[in-house]
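Q: Next one to model:
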Amino acid sequence: MKSDSQNTTTSQESSNTNIRAAIVSSDKLQVAAIFDTTDEAKIALRRVEEETSVASHQSELIEPSDPKLSEKLEQKSSSIANTLWTSHLALSGIGFVIGMFAAFLLTQYGPALTQQNPLFTYIALISPGTFIGMFVAGLIALRPDRNEIVLNVSDAARNGKSALIINLHKSQSAKTISGLLQQQSNNVVQSIK
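A: Numbering: from 1, shown residues only. Take a look at the predicted model:
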């Protein structure tokens, strides 16, 4: 039976689930649950596979002191590098375009100083726009929500517990899968892959 503090945690997780589900498609989400034993994790996995469209290749079972823990937790480093590269390029490009647009408006309709010095106006607005875009990409790359899964699963493996990680596909509901896992585990977290 869950205590009041666990129910509060569950309601907070549900609100986070709804926010993530609204922002990101299901195929980019990952759900993890911590269990006291490997058998409990296997039973939960079987139940999730029976009651949802989750296939066995979508899940990773992490046993206590698993030697392949980091491989199971993280994607291939090349896909992480691609994501970092594209997010930095895209957001710095957006910052550049916003800086160009703001500089154009100032050189056309702004104060006399910006109209008389268009080159300096463009430099003064493009540079911060680009750097702010890169800064935001760096903040996104820190991924504090991802740490929630990594830390919980790592702590569980170190403390003799088992974990189940499920990588969702587009047609699958994070809310449904989290709900099934919460019936069998007090510690269910999710994040963007």
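
Q: Report the contact partners of the spatially closest residue to S92 that is not a sequence neighbour.
A: Counting by Cβ to Cβ, 6 or more residues apart in numbering, S92 lies nearest to G133, which is 4.2 Å off, once chain neighbours are set aside. (C-beta placed from N, C-alpha, C; glycine too.) By Cβ atoms under 8 Å, 6 or more residues apart in numbering, the contact list for G133 reads 91-96.

Q: what about 7 Å?
A: Going by Cβ atoms under 7 Å, 6 or more residues apart in numbering, G133 touches 91-92, 94-95.

Q: secondary structure class for it?
A: Following DSSP: H, G, I helix; E, B strand; the rest coil, we place G133 in the helix state.

Q: Check the gap between it and A103 for me.
A: Between G133 and A103 the computed distance is 15 Å (Cβ to Cβ, to the nearest Å).

Q: can you check V189 too?
A: Taken as Cβ to Cβ, the span from V189 to A103 is 44 Å.

Q: Strands along the chain, start to end?
A: Remark: strands assigned in the chain by DSSP state E are 29-35, 59-62, 162-167, 187-192.

Q: closest to L73 among the contacts of G133?
A: The closest of the contacts of G133 to L73 turns out to be L91 (Cβ to Cβ; 25.8 Å).
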